Each structure stands twice: as structure tokens, then as C-alpha cells.
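**Q** Got a predicted model here, sequence first, then my questions.
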Amino acid sequence: MKLTKKLCRQAGIINQHDYAKGQPYLYYQPIVHGRAYKSAAWHIHQYNKVLDPDAHWREYGDMTFGVYSKDDKKSVFVDALAWMKTHFGIVEIVKTPMGNYMSKEFVDRRTTEIVAALKANINLGQR
């Protein structure tokens, strides 16, 4: 069974925080215009951990890699992946059904867990 965002939601996993279960993940934040302006960036986040003690308060301690042009996005992504692999000792990183990037080993385990929960009709939300 191919795990999709819709199936994750059926299992009670509504966002990338629920999916990650405290493991680090990489995600893209597009530019936010207006009064609460925020630059586009790749963020490495781990729940309840400060990965960059010098980060701006709006980054919540995430390790942030700024993207300043469309041409920049892919090369900055590669830099963020390299930092994540080095910092956490991750061998391979894959995209999750929620759209973020995590350790392949964790994603495989989590997929098995979610599929089993769906088959047993168990809600994994808020655990």
C-alpha cells in the first residue's frame, strides 16, 4: 500500500509534527508577503530542540537555509540535506507523504506502523 497524505489523515496524523514523532525533518517555507514578511527558506526542525541557538526568534530554533532566488532553491536544498546528514548521522533522506524530508530508515518504520494502524482501524493522532 502506497502511503499518501490522505491515508495519514485517516490514521489521525494531520501534519508533519504528528508524522515525525520527534525526529528531525527538512521542509520548505515559501516567502510570506505582507506585514508578517518572511523570506523563503529550507528549515530543519526537531520538536522541542534548538538546532540553531542564534536563530531569529521567528525561526523557533530551526536550522534555516535562506533561499533568495528561484535558481538558489535547489543548491540550498543540497546544502540543507548535507547539514542534516552530517549533524544527525543520517545515511539516506527521502520525501515523506506529508511533503517533508526525513531519514529513510525512520520513514520505512513509520509507514509500516501507519499501514498496520489503518488495517486495525487504530487512530494514531495525538500520541
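**A** Thanks, I have the structure now.
**Q** And stretch 114-124, what's buried?
**A** Within stretch 114-124, the residues that count as buried by 16 or more other CB atoms under 10 Å are 114, 117-118, 124. (Each C-beta comes from the backbone N, C-alpha and C, glycine too.)
**Q** again, but for stretch 38-48
**A** Residues of stretch 38-48 classed as buried: 40-46 (neighbour count, 16+ other CB under 10 Å).
**Q** Out of these, which is nearest to Gly22?
**A** Set against Gly22, the nearest of the buried residues of stretch 38-48 by CB to CB is Gln46 (7.0 Å).
**Q** I'd like to know which elements the one helix or strand Val76 maps to is packed against.
**A** Here Val76 sits within helix 72-88, counting by DSSP states H and E. For helix 72-88, the elements it packs on are strand 25-29, strand 41-45, strand 63-66, strand 93-95, strand 101-103, judged by 3 or more CB pairs under 8 Å, 6 or more residues apart in numbering; DSSP states H and E.
**Q** quick revisit: format the buried residues of stretch 114-124 as CSV; extra columns: pLDDT, distance to Gly66 and secondary structure.
**A** What follows is the buried residues of stretch 114-124, written out as CSV (pLDDT from 0 to 100; distance: CB to CB, whole Å; DSSP: H, G, I helix; E, B strand; the rest coil):
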residue, pLDDT, distance to Gly66, secondary structure
Ile114, 94, 33, helix
Ala117, 91, 38, helix
Leu118, 92, 38, helix
Leu124, 84, 34, coil
